[in-house]
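# one predicted model, sequence on top.
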Amino acid sequence: MKKTFLFCIFIFLTACEQATAPVFEKLHQDAVILAFGDSLTYGTGAPRESDYPSRLTELSQHKVINAGIPGEISSTGLKRLPVVLDKYQPELLILIHGGNDMLRRIPEQQLASNLRQMIDVARQRNVKVVMLGVPKPRLFLLDSAAIYQQIAEEQQVPIDLEALPTILGDNALKSDTIHPNSDGYRLMAESIHHLLVATGAL
């Protein structure tokens, strides 16, 4: 189980071996965190109180809004994001999106463009952004799709490329072929909390 915690946080303001250097100012005490994405954010496959935003609320001591919609593709997420950001006015956005694009075989260039625009939409509102890489659907040897690292490098966004591949590669942590179970979402929350601490946000 300890192996599921092993991941490298890629912060491209510096080299990976220097990834623990803070890149954000600490969130204000009353700051809201927005968890934005699809079913992986919503918590499909586990009781509602077991979704990662609920677990992260406990770990971070910040209100974490669950803005996940199962089945959503990135083009729809891009249209939805400005409204959600304006409604909740978060200080930080956790962006986990793109799995449904890959399941539907939507061209990666389109997904990449939508993710870049989501980051821009958040930054226009002075919202900090972190990401998780999402693996391509396959049976074995899961890795985050290459576009996530590319976007993180280009946009200088802190990203965890290993948490989801590790969790979704372990049947003991899954409720079905593409969703974590309660234990998987707990590890997701712990990985994201680790990322936020490493970046200085917490």
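Perfect, thanks for sending it. Residues are numbered from 1 along each chain as shown.
# going forward, measure contacts and count neighbours with C-alpha atoms only.
Noted.
# strands of this protein, residue ranges please.
Here the chain has its strands, by DSSP state E, at 9-10, 32-37, 63-68, 92-96, 128-132, 159-160.
# just name the most buried of the ones you listed.
Between the strands of the chain, the one whose residues have the most neighbours on average, counting mean count of other CA atoms under 10 Å, is strand 159-160 (a mean of 26).
# elements contacting it?
Using 3 or more CA pairs under 8 Å, 6 or more residues apart in numbering; DSSP states H and E as the contact test, the elements touching strand 159-160 are strand 9-10, strand 128-132, helix 182-199.
# worst mean pLDDT among those?
Least confident of these, judged by mean pLDDT, is strand 9-10 with a mean of 44.
# what is the mean pLDDT for stretch 33-41?
98.
# and that stretch, how far apart are its ends?
When the termini of stretch 33-41 are compared using CA to CA, to the nearest Å, they are 13 Å apart.
# cool, and stretch 37-45?
For stretch 37-45, the separation between the terminal residues is 15 Å (CA to CA).
# before we move on, what about stretch 44-63?
This stretch, stretch 44-63, spans 20 Å end to end (CA to CA).
# list the buried residues of that stretch.
Applying a neighbour-count criterion of 16 or more other CA atoms under 10 Å, one finds 44-46, 50-57, 60, 62-63 buried in stretch 44-63.
# mind picking the two most distant members of those?
Farthest-apart pair in the buried residues of stretch 44-63 is 45 and 62; separation 24.1 Å (CA to CA).
# quick revisit: now tabulate the buried residues of stretch 44-63 in TSV and tack on pLDDT and distance to residue 156.
Listed next are those as TSV, based on pLDDT from 0 to 100; distance: CA to CA, whole Å:
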residue	pLDDT	distance to residue 156
44	97	30
45	96	32
46	96	32
50	96	31
51	98	27
52	98	24
53	98	24
54	98	27
55	98	27
56	98	23
57	98	25
60	98	23
62	98	24
63	98	25
